[in-house]
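Participant: quick one, what's the 3D model for this:
(one chain, ligands or ions: 2)
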Amino acid sequence: VLASLSILFPSRLKVVDHKYGSRDEYRSWLIGTSGSGFRDTFGISKASNQTSSPFAWIESSDGGNSFVGGCDDTLAWCKDFCAPKEEGGEEKAVHVDDGHTKGHGYDYDLVVIGGGSGGMAASKEAAKFGAKVAVLDFVKPSPAGSTWGLGGTCVNVGCIPKKLMHNAALIGEILSSDTEPFGFTAPQALEKGHSWEKMREAVQNHIRGLNFNYRVTLREKEVTYLNKLGKFVDAHTLSLTDKKGKVSQITSSRFIIATGGRPSPLNCEGGELAISSDDIFSLEQNPGKTLCVGASYIALECAGFLAGIGVDTEVAVRSILLRGFDREIADKIGAHMEDHGVKFRKGVVPAKLEKNGEGKIEVTFSDGTKDVYDTVFAAIGRSADTGKLGVENINLKVNERNGKIPTKFEQTSVPNVYAIGDVMEGCPELTPVAIQAGRHLARRLFDGSTTPMDYKNICTTVFTPMEFGTVGYNEEDAKEKFGCGSYEVYHSSFNPLEWSLSEHRGKHPAFAKVIVNKDTDAVLGIHYLGPHAGEVTQGFGVAMKKGVTYNDLLDTVGIHPTSAEVLTDLTVSKSSGKSADAKGC
Ligand code: FAD
Ligand code: NDP
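Facilitator: Ligands and ions are numbered 1, 2, ... in the order given. Next up is the predicted model:
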């Protein structure tokens, strides 16, 4: 079989077996080449661990080689190679060509601009392979004056404070309505009410600890950290400005732009009175009656935790909740939030904000209605932070609409300059995506890897009061891509066991939905609305990456009693018209 495969792909696949020499001879030849600079591209360590013939490798068009493996590896490679590529799909191997040479004479092999999720990951990974690396991280204060330490959005003004405050709300919910049936009487804690100041202090202290750890890790990994704002002078030179306005310059063979994004300002009269996610987690005091503008991840997550800790919270929804997510589930989230104390003002945007005599903010909405709030919080999307980067000095292409940088395999229009994370056009704005892309890129730049970042089937969770985890196609997208009738939806509304003693929980059951390609049995999408959605969805994300089928799910033995096990036992199809309500334990 392997011989015929090598005939089939004469220019790509070379297969060697005992006919060409003994395994040991071949292995020692492979090991022998390690000194000649082929080590990384050839995958020597894998080859030298190979214990039986055949040995197969791929010769790429530029003469490079990479080791495939033995028989099973080779068959898997061929299966993958012959598999029809998705429309617009790219070659699987990426070869870097950006003019970088060993004795380049610049100050650094790599300078990473932005020490957030992606920048930190890329700089540490590159240093691991012996590159001389510097990472710049400089926080421009928000319009309301908030500023923070090393680590970027996620750590300081994103995922971390958000999840901790979401957790505060979950604790409140348990204390207020779930303790009695389990034998505890409502503890004193509740009578005292919630202290914003205490929560804020604990969260901010935790963040400061993380900022410190990041500095230590960079030092340990021998990455130079510069708390300076970087701006391109030319394709190999950056001008750096520190906090005191002192300007210096550094040069580098390569750059990675990982400057992330910043909240888009509220674009109406008086919009500057609104705060953003850059400010909310560090507010000195409870925000009081709050209007959240926007209806996606940030607005709904923040509205959820604010209401959960007892803040009078309203959301101004321009069109729909959670655009891009499964509609049926987005509606369930809305209904649950409404019962959770969040008020929704639908089909409006703020037209004008003005301060009244009491220092509160009077908002006039687009439908002419008005209301007064202590705080207006805008979460209407984010724009890439490329404004002050000097991209014009190096003719780097930027999307004028949102400041994002178009790339091919993270390489920008300037060959030695790369972009990863939120700043890159088409990149889902999620921390693990920025981290993974940064690591892959560093390996390609400094370790001879040819593996590109895979942006498909990325799982995510929306931390609304009822959490929502999702990976793959939602129902609307499946319909558009594959056509009505080509897929089946299996679903279940169920009451997680831990909710079953609390009466109030029954009104909004948890929900699971799996979308399956009727022809191939491939799972197209997995959606889970319920407790610990992030934890539940992560493992199913692995399954999706490995091409899980509906039968694989049914064939998996569940863990009882959990909510996640529902996804291994979804038998009611939507097309059957039968009720999705689960019965029994
Ligand atoms: P960032 O983390 O934004 O880092 C960019 C860094 O570059 C910043 O520190 C910035 O100050 C610095 N910088 C900018 N310009 C310069 C310059 N010229 N010179 C030097 N430094 C510069 N994602 C999740 O996966 N899960 C979540 O639960 C989640 N929750 C979120 C909640 C909120 C409220 C927000 C706002 C975001 C959330 N995200 C979440 C998204 C996540 O935070 C981002 O996707 C992630 O931080 C992007 O990483 P990055 O490296 O691209 O950029
Ligand atoms: P999004 O871009 O996801 O959504 C913007 C929201 O604001 C939409 O509801 C949009 O409505 C609305 N909007 C846009 N412009 C206006 C306007 N002028 N007036 C009123 N409403 C407006 O932005 P987010 O800020 O919520 O989040 C940014 C990104 O951060 C997310 O896409 C996500 O990738 C990441 N993130 C991830 C989290 C997680 O993993 N849990 C949590 C938080 C953020 P419309 O639908 O009408 O356009």
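
Participant: contacts and neighbour counts: CA atoms only from here.
Facilitator: Fine.

Participant: can you list the residues of the protein near ligand 2?
Facilitator: 293-299, 318-320, 323, 349, 379-382, 428-430, 460-463 (C-alpha under 6 Å from any ligand atom).

Participant: at 5 Å instead, please
Facilitator: Applying the criterion C-alpha under 5 Å from any ligand atom, the portion of the chain that neighbours ligand 2 consists of 294-298, 318-319, 323, 349, 379-381, 429, 462.

Participant: closest to Asp552 among those residues?
Facilitator: Nearest to Asp552, judged by C-alpha to C-alpha, of the residues of the chain next to ligand 2 is Val462 at 26.1 Å.

Participant: which residues does that closest one contact?
Facilitator: Going by C-alpha atoms under 8 Å, 6 or more residues apart in numbering, Val462 touches 297, 301, 468-469.

Participant: among these, name the ones in helices.
Facilitator: If you go by DSSP state H, the contacts of Val462 have 297, 301 in helices.

Participant: by neighbours, which of the contacts of Val462 wins?
Facilitator: Within the contacts of Val462, Phe468 tops the neighbour count with 27 neighbours, counted by other C-alpha atoms under 10 Å.

Participant: Leu529 is in contact with that residue, correct?
Facilitator: Yes. Contact status for Phe468 versus Leu529: in contact at 4.3 Å, counting by C-alpha atoms under 8 Å.

Participant: state the pLDDT value of the nearest residue to Phe365 once chain neighbours are set aside.
Facilitator: Setting aside the residues directly before and after it, Phe365 is nearest to Pro350 in space (C-alpha to C-alpha, 6 or more residues apart in numbering), at 4.3 Å. If you check Pro350, the pLDDT there is 98.

Participant: in contact with Pro350, which residues are there?
Facilitator: By C-alpha under 8 Å, 6+ apart, the neighbours of Pro350 are 268, 293, 316, 363-366.

Participant: which of the contacts of Val462 sit farthest apart?
Facilitator: The most widely separated members of those, counting by C-alpha to C-alpha, are Glu301 and Gly469 (13.3 Å).

Participant: list the contacts of Leu218.
Facilitator: 124, 224-225.

Participant: dump those to a markdown table, plus secondary structure.
Facilitator: Written out in a markdown table, the entries for those read as follows (DSSP: H, G, I helix; E, B strand; the rest coil):
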| residue | secondary structure |
| --- | --- |
| Lys124 | helix |
| Thr224 | strand |
| Tyr225 | strand |
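
Participant: tell me what Gly230 is bridged to.
Facilitator: Each beta-bridge partner of Gly230 is listed here: Leu240, as defined by DSSP bridges.

Participant: okay, and the helix or strand of this structure with the least pLDDT?
Facilitator: helix 39-42 (a mean of 39; mean pLDDT, DSSP states H and E).

Participant: what parts of the protein come near ligand 1?
Facilitator: Checking the chain against ligand 1 by C-alpha under 5 Å from any ligand atom, the hits are 114-118, 136-139, 152-154, 158-159, 229-230, 259-260, 421-422, 429-431.

Participant: filter these to the buried ones?
Facilitator: Neighbour-count burial within the residues of the chain next to ligand 1 applies to 114-118, 136-139, 152-153, 158-159, 229-230, 259-260, 421-422, 429-431; the criterion is 16 or more other C-alpha atoms under 10 Å.

Participant: okay, and which of the residues you listed map to helices?
Facilitator: Among these, the residues falling in helices (DSSP H) are 117-118, 152-153, 159, 431.

Participant: need those in CSV (columns: pLDDT).
Facilitator: Output for those, formatted as CSV (pLDDT from 0 to 100):
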residue, pLDDT
Ser117, 98
Gly118, 98
Gly152, 98
Thr153, 98
Cys159, 98
Thr431, 98
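
Participant: in the chain, where's the longest strand?
Facilitator: Across the chain, the strand with the greatest residue count (assigned by DSSP state E) is strand 247-257.

Participant: what's the helix or strand for the residue nearest to Leu321 when sequence neighbours are not counted?
Facilitator: Once its chain neighbours are removed from consideration, Leu321 has its nearest residue in Ala295; the separation is 5.0 Å (C-alpha to C-alpha, 6+ apart). Of the helices and strands defined by DSSP states H and E, none includes Ala295.

Participant: Provide a list of residues in contact with Ala295.
Facilitator: 315-318, 320-322, 379-380.

Participant: can we see that at 7 Å?
Facilitator: Contacts here follow C-alpha atoms under 7 Å, 6 or more residues apart in numbering; on that basis Ala295 touches 317, 320-322.

Participant: show the model's pLDDT score for it.
Facilitator: The predicted structure scores Ala295 at 98 on the pLDDT scale.

Participant: same question, Thr147
Facilitator: In the predicted model, Thr147 carries a pLDDT score of 98.

Participant: how near is the residue nearest to it when sequence neighbours are not counted to Ser276?
Facilitator: Spatial nearest neighbour of Thr147, chain neighbours left out: Pro141 (4.8 Å); criterion: C-alpha to C-alpha, 6+ apart. Applying C-alpha to C-alpha, to the nearest Å, one obtains 12 Å for the distance of Pro141 from Ser276.

Participant: neighbour count for these two, which is higher?
Facilitator: Comparing Pro141 with Ser276 by neighbour count (other C-alpha under 10 Å), the higher total belongs to Ser276, at 27 against 12.

Participant: tell me which residues touch that one, please.
Facilitator: With contacts defined as C-alpha under 7 Å, 6+ apart, the neighbours of Ser276 are 263, 377-379.

Participant: buried sites along the longest helix seen in the chain?
Facilitator: For the chain, the helix reaching the highest residue count under DSSP H is reported as helix 196-220. Of all the residues in helix 196-220, those buried under the rule 16+ other C-alpha under 10 Å are 196, 199-200, 203-204, 206-208, 210-211, 214-215, 218.

Participant: repeat that for stretch 487-494.
Facilitator: Counting neighbours by 16+ other C-alpha under 10 Å, one finds that the buried residues in stretch 487-494 are 487-494.

Participant: and whatever residue of the stretch 1-150 of the chain ends up closest to ligand 2, how close does it get to Val348?
Facilitator: Minimum separation of the stretch 1-150 of the chain from ligand 2 (C-alpha to the nearest ligand atom) falls at Ser117, amounting to 12.8 Å. When C-alpha to C-alpha is the yardstick, Ser117 and Val348 sit 34 Å from each other.

Participant: Thr464 now?
Facilitator: From Thr464 over to Val348 the distance is 21 Å, taken as C-alpha to C-alpha.

Participant: the two: which has the busier surroundings?
Facilitator: Between Thr464 and Val348, counting by other C-alpha under 10 Å, Thr464 is the more crowded of the two (24 against 20).

Participant: in a helix, the more buried one, correct?
Facilitator: No. Going by three-state DSSP, the assignment for Thr464 is coil, not a helix.

Participant: could you check the pLDDT of the nearest residue to it once chain neighbours are set aside?
Facilitator: Nearest-residue entry for Thr464: Glu301, 4.7 Å, with adjacent residues in sequence omitted and distances by C-alpha to C-alpha, 6+ apart. Reading off the confidence values, Glu301 has pLDDT 98.

Participant: for Glu301, give its distance to Phe468.
Facilitator: Applying C-alpha to C-alpha to Glu301 and Phe468 gives a distance of 11 Å.

Participant: same check on Gly115?
Facilitator: Note on Gly115: its distance to Phe468, by C-alpha to C-alpha, is 29 Å.

Participant: same question, Thr290
Facilitator: Taken as C-alpha to C-alpha, the span from Thr290 to Phe468 is 24 Å.

Participant: now the element after whichever helix or strand Ala299 is part of, going C-ward?
Facilitator: Using DSSP H and E, Ala299 sits in helix 297-308. Following the chain from helix 297-308 toward its C-terminal end, the next helix or strand by DSSP H and E is strand 313-317.
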